[in-house]
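Chemist: got a predicted structure plus its sequence, pasted below:
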Amino acid sequence: MPTNLLILPLLAGFCFGHISHLFRFRAQRQDGYRLLLESGVAGVAFLAISRVLIGVAKLSSVGMYAKALWESFTPIPYLGTAAGSVCVAVLAALAFNYRVTGGFRDFFRRLRRCQRKMRFVRRVLHKVQLRNLEKARHSEIVTHGNSLTRLLHYADQQTELVSVTLSNGKWYVGFVAEAINLDPQEAYFRILPIISGYRKQGSLEPTRTVYYPAVYEKTGVDSGDFVITLPVRDVLIASLFDAHVYEDHFSGRPTISLP
């Protein structure tokens, strides 16, 4: 195979790693050289599968006709095998993405039942894709995420309050509205604040200055407008927050009712 065609198997491995939910978050964590190596290894596997499929196709008259037709347009040796590796990689990634719990058999059974309801089918496929994406994200964060990433992910999954202290002394307590993922370029996360304030210099005792639920309960107020975006690099302290423990022992104020 001409060496200039090896870019196609490399592209196949890259496409599989970034299209498949199962490997996308792993690919996001890799540096340039390691991503290149892993894409190359995957590309060799897809190149071999493509070569086998083309060899099997040549055993039939239709396959030989397709081969002759292909060579009449592109007489470059092994170009079909190299291009086929990209097709195999994309199809394999899509197969991983749309795999349901019961396997492919259950998936196609559902698809047959919904042939006359294509809108419903698209919604089902979209939900399955999002569910598999979340499963892959959860697995990678639990296995490879740092402490802050795992904390925010847990709070997001369990709808728990988190307490965040920034490098400028600002203190926020709220629900995670959008957690960070494993993308190295992801530098922010978002929370819906319930309490905000600051930590006193020296003692670092938290002091509450704003209590947001009283505002959220007002007519015409959209709590989504109060979601704030915080930079990961500025987080000094982060932990789960128990509102009742805080009100009973640390706030010095009457107990407040939090959801």
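Modeler: All right, it came through fine.

Chemist: just to be sure, R190 is in a strand?
Modeler: Yes: according to DSSP: H, G, I helix; E, B strand; the rest coil, the state of R190 is that of a strand.

Chemist: show me what it is bridged to.
Modeler: Beta-bridge partners for R190, by DSSP bridges, are E178, T229.

Chemist: these two touch, right, it and V227?
Modeler: Yes: R190 is within contact range of V227, at 5.3 Å (criterion: CB atoms under 8 Å). (Glycine included, C-beta is placed from N, CA and C.)

Chemist: if I look at those two, which residues touch both of them?
Modeler: 177-178 (CB atoms under 8 Å, 6 or more residues apart in numbering).

Chemist: what about G84, distance to I237?
Modeler: As judged by CB to CB, to the nearest Å, G84 and I237 stand 53 Å apart.

Chemist: quick one: F96 and V86, what's the gap?
Modeler: Summarising the geometry, the distance separating F96 from V86, computed by CB to CB, is 16 Å.

Chemist: if you could redo that for L240, that was the one I meant.
Modeler: Plainly put, L240 is 46 Å away from V86 if you go by CB to CB.

Chemist: these two: which is more packed in?
Modeler: Shown here are L240 and V86; by other CB atoms under 10 Å, V86 has more neighbours (22 against 12).

Chemist: tell me how the protein divides into domains.
Modeler: Following the assignment in automatic domain parsing, the chain carries domains at 3-97, 104-144, 147-249.

Chemist: pLDDT of stretch 74-85, averaged?
Modeler: The average of the pLDDT scores along stretch 74-85 is 76.

Chemist: swap in stretch 194-212?
Modeler: For stretch 194-212, the per-residue pLDDT values average out at 85.

Chemist: please export the C-alpha coordinates of it as PDB.
Modeler: Below are the C-alpha coordinates for stretch 194-212, written out as PDB (Å, rounded to 0.1, in the frame of the first residue of the first chain):
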ATOM      1  CA  ILE A 194     -28.700  29.400  46.700                       C
ATOM      2  CA  ILE A 195     -26.400  31.400  49.000                       C
ATOM      3  CA  SER A 196     -23.500  33.700  48.200                       C
ATOM      4  CA  GLY A 197     -21.100  35.600  50.300                       C
ATOM      5  CA  TYR A 198     -17.400  35.600  51.200                       C
ATOM      6  CA  ARG A 199     -14.900  34.100  53.600                       C
ATOM      7  CA  LYS A 200     -13.300  36.300  56.200                       C
ATOM      8  CA  GLN A 201      -9.600  36.800  55.800                       C
ATOM      9  CA  GLY A 202      -7.600  34.800  58.300                       C
ATOM     10  CA  SER A 203     -10.300  32.600  59.800                       C
ATOM     11  CA  LEU A 204     -11.900  31.800  56.400                       C
ATOM     12  CA  GLU A 205     -15.300  31.700  58.200                       C
ATOM     13  CA  PRO A 206     -18.100  31.900  55.600                       C
ATOM     14  CA  THR A 207     -20.300  34.900  55.700                       C
ATOM     15  CA  ARG A 208     -23.600  34.900  53.900                       C
ATOM     16  CA  THR A 209     -24.700  38.100  52.100                       C
ATOM     17  CA  VAL A 210     -27.300  37.000  49.600                       C
ATOM     18  CA  TYR A 211     -30.100  34.300  49.900                       C
ATOM     19  CA  TYR A 212     -31.500  33.600  46.500                       C
END
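
Chemist: nothing else from me, thank you.
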